[in-house]
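*Asks:* My questions are about this predicted structure, shown below with the sequence.
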Amino acid sequence: MIDRKGIVIYFQNPKVIKIVKKYNVNITYVNKIGKYLTGYCDAKDYPTIKKELKKNRLIKKVDESLVEMPSIDI
């Protein structure tokens, strides 16, 4: 079973979307006016992804989504 964790990223510039895709985050929604995106990633990779994204100066804030993500059976 793969546990997933939802992630919300607030950014300053839409160029960040390309950077986020490199960290294996599956983007589900992008709001360019509100300057945020939502997506999900593996729960075990979440702490490292969060730490790496916070280092980027174009990203304001990285939060965990409050929505429960279902596990996937493989």
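*Replies:* Nice, thanks for sending it over. Numbers count the residues shown, from 1 in each chain.
*Asks:* Name the residues of the biggest helix by length in the chain that are buried.
*Replies:* The residue-count maximum for a helix in the chain (DSSP state H) belongs to helix 46-55. Under the neighbour-count criterion of 16 or more other CB atoms under 10 Å, helix 46-55 has 46, 49, 50, 53 buried. Glycine gets a C-beta too; all of them are placed from N, C-alpha and C.
*Asks:* Could you verify that residue 39 is part of a strand?
*Replies:* Yes. With DSSP: H, G, I helix; E, B strand; the rest coil as the criterion, residue 39 is part of a strand.
*Asks:* Name the residues linked to it by a beta bridge.
*Replies:* Judged by DSSP bridges, the bridge partners of residue 39 are residue 7, residue 27.
*Asks:* Tell me the pLDDT of it.
*Replies:* pLDDT, residue 39: 94.
*Asks:* cool, residue 69 as well?
*Replies:* 65.
*Asks:* how close does residue 47 get to residue 7?
*Replies:* 11 Å (CB to CB, to the nearest Å).
*Asks:* my bad, residue 53
*Replies:* Taking CB to CB, one finds residue 53 at 9 Å from residue 7.
*Asks:* which residues are common contacts for the two?
*Replies:* residue 62 (CB atoms under 8 Å, 6 or more residues apart in numbering).
*Asks:* Who are the contact partners of residue 13?
*Replies:* Per CB under 8 Å, 6+ apart, neighbours of residue 13: residue 58.
*Asks:* begin at 14 from here
*Replies:* With 14 as the first residue, the last one maps to residue 26.
*Asks:* one step back: any idea of the mean pLDDT in the longest helix of the chain?
*Replies:* Helix 59-68 shows an average pLDDT of 94 in the prediction.
*Asks:* Off-centre distance for the next helix or strand after it?
*Replies:* As assigned by DSSP states H and E, the chain's next helix or strand after helix 59-68 is strand 72-77. In terms of CA atoms, centre = their mean, to the nearest Å, the centre of strand 72-77 is found 8 Å from the chain centre.
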